[in-house]
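Student: sequence first, predicted model second:
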Amino acid sequence: MTDDDHTTHAALAAELADSIKRLRLDVESRSDPILEEIAHALELTLQLTTHAHDHSLDNRERLRALESGG
């Protein structure tokens with residue numbers, strides 16, 4: 001994963017977070033349980049992918065350290 005990949009992920013995560021916020025506002029105005037579940041699922045997906053991304057960054061740093069003899 002390159003620094004560009006990290007920047008792309010950050011931008012996509014921010015865009016998804018903004019989309020979830022807009023969906024939450026719509027959910028509040030409609031009181032729609034289906035939309036609430038969709039918003040919740042999207043939040044969990046964002047958390048999970050961000051967590052996986054963070055692990056990949058950690059692993060990249062560990063690999064670099066091993067390759068450099070550290």
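Tutor: Looks like it came in fine.

Student: so for the lengthiest helix in the chain, mean pLDDT?
Tutor: Counting by DSSP state H, the longest helix found in the chain is helix 33-67. The average pLDDT for helix 33-67 rounds to 90.

Student: that helix packs against which elements?
Tutor: helix 3-30 (3 or more CB pairs under 8 Å, 6 or more residues apart in numbering; DSSP states H and E). Glycine gets a C-beta too; all of them are placed from N, C-alpha and C.

Student: pretty sure residue 46 contacts residue 13?
Tutor: Yes: if you go by CB atoms under 8 Å, residue 46 and residue 13 touch, sitting 6.3 Å apart.

Student: check residue 22 and give its pLDDT.
Tutor: For residue 22, the pLDDT comes out at 92.

Student: show me the contacts for it.
Tutor: By CB atoms under 8 Å, 6 or more residues apart in numbering, no residues touch residue 22.

Student: what's the spacing between it and residue 58?
Tutor: Distance of residue 22 to residue 58, computed by CB to CB, to the nearest Å: 32 Å.

Student: please apply the same query to residue 35.
Tutor: 35 Å.

Student: again with residue 52
Tutor: From residue 52 over to residue 58 the distance is 11 Å, taken as CB to CB.

Student: re the thing from before, buried residues in the longest helix of the chain?
Tutor: The neighbour-count criterion (16 or more other CB atoms under 10 Å) identifies 35, 39, 42, 46, 53 as the buried residues of helix 33-67.

Student: nearest residue to the first one in space, please, no chain neighbours.
Tutor: In this case it means residue 35. With sequence-adjacent residues excluded and distances taken as CB to CB, 6 or more residues apart in numbering, residue 35 is closest to residue 27, at 4.5 Å.

Student: what about that neighbour, how many residues nearby?
Tutor: 19 (other CB atoms under 10 Å).

Student: one more: residue 7?
Tutor: 10.

Student: roughly how far does it sit from residue 55?
Tutor: 18 Å.
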